[in-house]
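*Asks:* any chance you can model this:
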Amino acid sequence: MAFLKYLKFKISRKRVHDGVIVVSSGTKNDSCSKSVEVSMRRFSWDEIEAVTMKCCRSRMIGYGGFSSVYLAKFSDSSLGAVKIQCSSERLNQVFKQELKILLSVSHPNIVELKGYCDERDEGVLVFDYMCNGTLDENLRCSRENKTLSWRKRMVIAYQLALAIEYLHDKCSLQIVHGDIKASNVLLDKDYNCKLCDFGSAKMGFSSLVLPPPSSMKHHRMIVGSQGYVDPHYLKTGLASKKQDVYSFGIILLELITGKEAFCAETRQNLTSIADPMLRDAAKIEEMIDPRIKNDHTFDLEEARVMTSVSAMCLRRSPSIRLSAAEIVTAMKEQVSSISYEKFTSSAKG
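*Replies:* The predicted structure is shown next:
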């Protein structure tokens, strides 16, 4: 217990008059522990109501089982996204955990927290507005009938892999996101990936994260999304890095096939639909999203590589799945359509 206490993650915040918060993150005597000045603002509830026009008059741009996201307009005419959590004791703990994690991470492919409000029971997080919506919306052609090119899909996949590698291996305390899915991948004006929604995330010094002492059954009911959830996690209730890897494998299948992770109409998971392609490389062409077959950036060999990577992410046993670092390496070495100079240099911070 003393050892665990020694390793306990600490975040200290100090408010100063200009609105900048000093965030200290890391472990005691940890060489990665540092104080970083970030542009962070603690909003009042009145300010939140003002920028969202009391929510009821603002456009809702997203929602989940326990939160709603509203478009916000600030005094300088810039736009933001305000996530308001439903009010309950348990969800208040979820809000605090998400805030703690967001204050401790910094990566170009992870959504950046601009501020928060904790005056009321409803926790509030404020982010930049991502004008190109979610990956899910873009793959379903619900945004102006535009189709993501093959190259854009590969860049998004690579950036998402970088974000997951950062969480798993490059944070002072490793983080398991726990709910990686296409609707939690935001796209900015240049279609760069921004991983969001850390409400299910877990932080710890091990790759294996035990469930809380409360009912394991209840815990499994509230974490993960249909079509993306690792079957091993459903069976054991144990969250690990490989849970995120499994979900990433599903997103690769979505990018390749254009199909959704779970079809509500047929009640089928994408894994069962794509199983022939995963087992037999000769059948890959039959599964390619027909909207990109004539795309000049499409590369069948890259599609084969990414299908193989997906299959290795979806292995039944978590221990033999790829790690996030191995995924990044595979894409660097075998997916030539990605401009590595541009994206690796932006991910070094």
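*Asks:* any stretches of the chain with poor pLDDT?
*Replies:* Counting by pLDDT under 70, the chain contains low-confidence residues at 1-39, 54-58, 65, 142-145, 205-223, 339-349.
*Asks:* tell me the phi and psi of the residue nearest to residue 231 when sequence neighbours are not counted?
*Replies:* Taking CB to CB, 6 or more residues apart in numbering as the measure, residue 231 lies nearest to residue 316, with 7.4 Å between them; neighbours along the chain are not counted. Any C-beta I mention is one placed from the backbone N, CA and C, and that applies to glycine too. Note on residue 316: its backbone torsions stand at phi -60, psi -40 [degrees, to the nearest 10].
*Asks:* test my guess that residue 316 contacts residue 230.
*Replies:* No: counting by CB atoms under 8 Å, no contact exists between residue 316 and residue 230, whose distance comes to 9.9 Å.
*Asks:* the two: which has the busier surroundings?
*Replies:* More neighbours surround residue 230 than the other of residue 316 and residue 230, with 26 against 10 (other CB atoms under 10 Å).
*Asks:* isn't that one right up against residue 246?
*Replies:* Yes: with contacts defined as CB under 8 Å, residue 230 counts as touching residue 246 at a distance of 4.0 Å.
*Asks:* so how far is the host helix or strand of residue 165 off the chain centroid?
*Replies:* Residue 165 belongs to helix 150-165 when elements are defined using DSSP states H and E. A distance of 12 Å separates the centroid of the chain from that of helix 150-165, by CA atoms, centre = their mean, to the nearest Å.
*Asks:* before we move on, the earlier item: quick one: common contacting residues for residue 230 and residue 246?
*Replies:* Residues touching both residue 230 and residue 246 (CB atoms under 8 Å, 6 or more residues apart in numbering) are residue 318.
*Asks:* ok, back up a step: got the contact list for the helix holding residue 165?
*Replies:* Helix 150-165 is contacted by residues 107-110, 135, 148, 177, 180, 185, 187, 191-193, 195, 244-245, 248, 251-252, 255-256, 292, 295, 297-299, 302-303, 306, 324-325, 327-328, 331, 335, 337-339, 343, 347 when judged by CB under 8 Å, 6+ apart.
*Asks:* now restrict those residues to buried residues only.
*Replies:* Neighbour counting with 16 or more other CB atoms under 10 Å marks 107-110, 135, 148, 177, 180, 185, 187, 191-193, 195, 244-245, 248, 251-252, 255-256, 292, 295, 298-299, 302-303, 306, 324, 327-328, 331, 335, 337-338, 343, 347 as buried within the contacts of helix 150-165.
*Asks:* take the residues you listed and keep only those in strands.
*Replies:* Secondary structure of the buried ones among the contacts of helix 150-165 is defined by DSSP state E; positions in strands are 185, 187, 193, 195.
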